[in-house]
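[1] heads up, no residue letters with this:
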């Protein structure tokens, strides 16, 4: 790399670091459930207690979350052991990841589009992208995953488009394994890299790559299978393995689960994208935005089909997993946001470099579509900056979490066990063992369920399993379930207090 490009990357990295640090806040952890779990697992590792859910009675071994991100947080915990003060250090780590991602995106675009100018633009846009900043402000694994993913894609594209190198193939396999240990979605990299290698009949490199990935992933798989103990049914969704959760839903709902999931995830994804890429509001404008976005992405994909085949295969596989997974897709899309922008930039590069053989009308239409999309995203970023939208999710949940913590500290003893919608936060800030209120199943996302079903599948078996002292609810759905148990002919709960964002129920003697 020439010195000028290195200096440009340094500027991009500095911008990402400054922006990442500037959005660090002191809101409570536990907004997404996962963020509190990562902190709990990091604490467990840092304090020598193993990879365990310390918040649950009995502290069972963890098998839901891959260990990569909690392991890194545990190293930070050892340096800054004081909770909740060390949350700032965890979020600063995310800022560093944002900086590294901006640099890696710039390098990926420079290599694949053969343009330093376009690479620099990609890095700058990544450094200030609000969808990424939303994730950076919380203790989530996506920022670290994005760094590992981008590094893997850079090396993978070099391997696929370059000369044979078993050393690069083996190192890439190890990196893909590490990426998957940060977020399970990294597994999509395996077919995305193997397929182009097999198409070129590069058998030896394929085998070396697969062996490297397997060497990293197999120990974790064997360990998690051998240590995964039985969990009460309401805990399996949030505390058991991902695949067993999906397969259990498929077994209960049958093949209809997939089309039902698509009927939820596809409209949600399209609604989110239309909001982010529409210059003006309204149904007509959003429809236009989706049409122009699809056209621009298609043009970008055509431009990248030979330049970045691994990236395109990964995005296709990743999108398929996200769309058939019964969960809100927004966070998954934000986690790979720079890759979506990369495809759009490829469309712009293609339009700018088209020769005269391309019909002028086609060039005008393609340029118009891309300009519409660019104007829409620019408008979104401006609105988001004015409203500090990166903090909106944490800000909206913070009062509810703070109230649950304050009530628990004031009304329970250290040895009490609590059921709460924010069980991770309750444990971290109060030391009380805590379990969830609801049973997280595929149907929880796909179908409306009555308060009776919510209670019978969630609270009732939890009350039968654990010596719960109180139940704290923070949503209408869980409040109705708890209220049902409080109004039965033989009540199990009694409404005790209501506070900002939630309510507390006392568990009656049985």
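    Now that the structure is in, tell me what you want to look at. Everything numeric in this text was worked out from a predicted model, so none of it was measured.
[2] how many other residues sit next to residue 74?
    Using other Cβ atoms under 10 Å, residue 74 is surrounded by 21 other residues. For every residue, glycine as well, the C-beta is placed using N, CA and C.
[3] What helices and strands are in contact with the helix or strand hosting residue 148?
    Residue 148 is part of helix 142-161 when elements are defined by DSSP states H and E. Applying 3 or more Cβ pairs under 8 Å, 6 or more residues apart in numbering; DSSP states H and E, one finds that helix 142-161 makes contact with helix 68-79, helix 87-113, helix 130-136, helix 166-182, helix 189-199, helix 309-324, helix 330-335, helix 337-353.
[4] run the last query once more with 6 Å
    Applying 3 or more Cβ pairs under 6 Å, 6 or more residues apart in numbering; DSSP states H and E, one finds that helix 142-161 contacts helix 87-113, helix 130-136, helix 166-182, helix 189-199, helix 309-324.
[5] okay if I get these as a markdown table plus mean pLDDT?
    Converted to a markdown table, the helices and strands packed on helix 142-161 look like this (pLDDT from 0 to 100):
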| stretch | mean pLDDT |
| --- | --- |
| helix 87-113 | 97 |
| helix 130-136 | 96 |
| helix 166-182 | 97 |
| helix 189-199 | 97 |
| helix 309-324 | 97 |
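[6] closest to residue 407 out of the ones you listed?
    helix 87-113 (21.4 Å; Cβ to Cβ).
[7] for that closest one, packing partners?
    When contacts are defined as 3+ Cβ pairs under 6 Å, 6+ apart, helix 87-113 packs onto helix 3-22, helix 116-127, helix 142-161, helix 337-353.
[8] Taking helix 142-161 as reference, get the angle to that helix.
    Orientation note: helix 87-113 sits at an angle of 20 degrees relative to helix 142-161 (axes from the mean of the first three to the mean of the last three Cα atoms, to 10 degrees).
[9] which of the residues in helix 87-113 are buried?
    Using 16 or more other Cβ atoms under 10 Å as the burial criterion, the residues of helix 87-113 that qualify are 87, 90-113.
[10] Equivalent analysis for stretch 169-179, please.
    169, 170, 171, 172, 173, 174, 175, 176, 177, 178, 179.
[11] any idea how far the fourth one is from residue 97?
    Applying Cβ to Cβ, to the nearest Å, the value for residue 172 to residue 97 is 20 Å.
[12] One more: the fifth one?
    As defined by Cβ to Cβ, residue 173 lies at a distance of 22 Å from residue 97.
[13] before we move on, what about the second one?
    As judged by Cβ to Cβ, residue 170 and residue 97 stand 25 Å apart.
[14] And residue 153, by the same measure?
    From residue 153 over to residue 97 the distance is 16 Å, taken as Cβ to Cβ.
[15] Domains in this protein, by residue range?
    Structural domains annotated on the chain: 251-386, 393-507, as defined by automatic domain parsing.
[16] if we compare those domains, which one ends up closest to residue 239?
    Nearest of the domains of the chain to residue 239, taken as Cβ to Cβ: domain 393-507 at 8.6 Å.
[17] Start and end of the closest one, how far apart?
    31 Å (Cα to Cα, to the nearest Å).
[18] pLDDT (mean, whole number) over that domain?
    Mean pLDDT, computed over domain 393-507, is 92.
[19] Assign residue 503 to helix, strand or coil.
    Classification of residue 503 by DSSP: H, G, I helix; E, B strand; the rest coil places it in strand.
[20] count of neighbours near it?
    For residue 503, the count of nearby residues is 20 (other Cβ under 10 Å).
[21] Return the residues in contact with it.
    By Cβ atoms under 6 Å, 6 or more residues apart in numbering, the contact set of residue 503 is 473, 479.
[22] Quick check: beta-bridge partners of it?
    Applying DSSP bridges to residue 503 gives these bridge partners: residue 473, residue 498.
[23] where's it relative to residue 475, distance?
    Residue 503 is 10 Å from residue 475, where distance means Cβ to Cβ.
[24] repeat for residue 183
    Distance check for residue 183 against residue 475: by Cβ to Cβ, it reads 26 Å.
[25] same check, this time on residue 394
    Distance of residue 394 to residue 475, given as Cβ to Cβ: 17 Å.
[26] Ok, residue 175 next?
    40 Å.
[27] Next: residue 1.
    Going from residue 1 to residue 475 by Cβ to Cβ gives 51 Å.
[28] Settle it for me: which of these two has more neighbours?
    Ranked by neighbour count (other Cβ under 10 Å), residue 1 and residue 475 place residue 475 first, with 14 against 10.
[29] picking that back up, so can I have TSV of the domains of the chain showing distance to residue 118?
    Converted to TSV, the domains of the chain look like this (distance: least, Cβ to Cβ, whole Å):
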stretch	distance to residue 118
domain 251-386	6
domain 393-507	32
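[30] Pick the most deeply packed of those domains.
    domain 393-507 (a mean of 20; mean count of other Cβ atoms under 10 Å).
[31] Now do that one: distance to the chain's middle.
    25 Å (Cα atoms, centre = their mean, to the nearest Å).
[32] what do you get for stretch 113-127?
    Computed by Cα atoms, centre = their mean, the chain-centroid distance of stretch 113-127 equals 24 Å.
[33] ok, and for that stretch, which residues are buried?
    Neighbour-count burial for stretch 113-127, counted by 16+ other Cβ under 10 Å, picks out 113, 115-116, 118-127.
[34] Equivalent analysis for stretch 74-82, please.
    Neighbour counts over stretch 74-82 (16+ other Cβ under 10 Å) mark 74, 76, 77 as buried.
[35] what are the ranges of the helices in the stretch 401-510 of the chain?
    Using DSSP state H, counting those that start in this stretch, the helices assigned to the stretch 401-510 of the chain run over residues 423-430, 442-446, 451-454, 460-465, 476-487.
[36] Spatially nearest residue to residue 257 (excluding sequence neighbours)?
    Leaving aside its sequence neighbours, residue 257 sits nearest to residue 250 (Cβ to Cβ, 6 or more residues apart in numbering; 5.3 Å).
[37] hmm, back to that, and the domains of the chain: which comes nearest residue 67?
    So among those, domain 393-507 is nearest, using Cβ to Cβ, at 17.0 Å.
[38] Residues contacting stretch 212-231, please?
    60, 61, 63, 170, 173, 174, 176, 177, 178, 180, 239, 240.
[39] Determine which two of the residues you listed are furthest apart.
    Between any two of those, the greatest separation by Cβ to Cβ is 35.6 Å, found for 60 and 170.
[40] quick one on the thing from earlier: how about the domains of the chain, which one is nearest residue 69?
    Closest to residue 69 of the domains of the chain is domain 251-386 (Cβ to Cβ; 12.2 Å).
[41] chain center to the closest one: distance?
    18 Å.
[42] end to end, how far does it reach?
    Length of domain 251-386, first residue to last, Cα to Cα: 47 Å.
[43] So which residues of the stretch 201-350 of the chain form helices?
    Here the stretch 201-350 of the chain has its helices, by DSSP H, counting those that start in this stretch, at 203-227, 236-239, 242-253, 257-276, 283-304, 309-324, 330-335, 337-353.
[44] what would the ones you listed look like in a markdown table with distance to residue 407?
    Output for the helices of the stretch 201-350 of the chain, formatted as a markdown table (distance: least, Cβ to Cβ, whole Å):
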| stretch | distance to residue 407 |
| --- | --- |
| helix 203-227 | 35 |
| helix 236-239 | 22 |
| helix 242-253 | 31 |
| helix 257-276 | 33 |
| helix 283-304 | 42 |
| helix 309-324 | 36 |
| helix 330-335 | 28 |
| helix 337-353 | 37 |
